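Peer 1: Take a look and give me a structure for this.
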Amino acid sequence: MSPDLYRGDNTEPYSKMGASIVPFYRPFPYLFAQFTRGNFSKLNVLDYGAGRGRLERLARLMGVDHLTEVDTSPTMLSASRKIRSARAVVGDTLPFPDASYDVVLSFATWVDIHNPDELVNYCKEAGRVLKPGGVMIAGTATPRSYQIETKSFNSDFPENQNLKSGSWAKVVVKPFTKPVYDTVWSDEDHKRVIKAANFNLVETVEIFEGRDPIWLIYVAVKGELDLIAERQALFRSARDLS
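Peer 2: Residues are numbered from 1 along each chain as shown. Got it, this is the predicted structure:
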């Protein structure tokens, strides 16, 4: 990802986002378990856009022993390195061989990419390092989240009310007052990117605050149709038992 894809420094505000981000992570253990057979300690997991390491803490609690973290912001990585045990790598292209990971996690990263081709390339790079049958779990904000005020941020600005997919959205992360800018992508564009990157989408989860969907989580699999069907069957059987 090139520096010109970013508008300003979102590091400090997003590193301190609070209550509204919590529901974003709640489905993670469930999705992780159903699409990876639950053998957490044996999995090789990549957090692609790790930031301050929110997922690292959760992954460790779940028993993940092999976690690598990558982020393009040295500031985000260094801010919490003292309390993290996972390996941290800063870079644009993933410095890992093909088919080296079982799971790639990507949470709240796509909004930082303003060019659709770069977003496809980002997902293709995730696919390159995944093993056949590997899973990408990607979470991002909905277009609706950029039109309202939530517990952790305010996007209820006149200029945000008629945004098109690919537009900049003004966001003020509480308790800060200086705005940052995210890229708004529609659900349709998210799905096009996933398909263009040669993934097969197997599940989409909406997360609400009140009546408003503010987060989306996509579960996509790298592999042939039999592998896709197997992952879908795992999810359906778990959902039927819940």
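
Peer 1: Compute the mean per-residue pLDDT across the longest strand anywhere in the chain, please.
Peer 2: Assignment by DSSP state E gives strand 130-141 as the longest strand of the chain. For strand 130-141, mean pLDDT rounds to 92.

Peer 1: just the helices in the protein please.
Peer 2: 11-15, 22-25, 28-36, 54-61, 74-79, 116-129, 187-196, 225-241 (DSSP state H).

Peer 1: Next, the angle helix 54-61 makes with the third one.
Peer 2: If I follow you right, that is helix 28-36. Orientation check (axes from the mean of the first three to the mean of the last three Cα atoms, to 10 degrees): helix 28-36 against helix 54-61 gives 70 degrees.

Peer 1: which helices and strands does the longest strand of the chain pack with?
Peer 2: helix 28-36, strand 101-107, helix 116-129, strand 212-221, helix 225-241 (3 or more Cβ pairs under 8 Å, 6 or more residues apart in numbering; DSSP states H and E). To be clear about C-beta, it is placed using only N, CA and C from the backbone, and glycine gets the same treatment.

Peer 1: Any chance of JSON lines for those, columns distance to residue 173 and mean neighbour count?
Peer 2: Shown next, in JSON lines, are those (distance: least, Cβ to Cβ, whole Å; neighbours: other Cβ atoms under 10 Å):
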{"stretch": "helix 28-36", "distance to residue 173": "21", "mean neighbour count": "19"}
{"stretch": "strand 101-107", "distance to residue 173": "16", "mean neighbour count": "23"}
{"stretch": "helix 116-129", "distance to residue 173": "22", "mean neighbour count": "19"}
{"stretch": "strand 212-221", "distance to residue 173": "14", "mean neighbour count": "22"}
{"stretch": "helix 225-241", "distance to residue 173": "33", "mean neighbour count": "13"}
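
Peer 1: export those to a markdown table and tack on distance to residue 48?
Peer 2: What follows is the helices and strands packed on strand 130-141, written out as a markdown table (distance: least, Cβ to Cβ, whole Å):
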| stretch | distance to residue 48 |
| --- | --- |
| helix 28-36 | 14 |
| strand 101-107 | 5 |
| helix 116-129 | 6 |
| strand 212-221 | 13 |
| helix 225-241 | 19 |
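
Peer 1: To residue 148, which of those lies closest?
Peer 2: Between residue 148 and these, the tightest spacing by Cβ to Cβ is seen for strand 212-221, at 5.7 Å.
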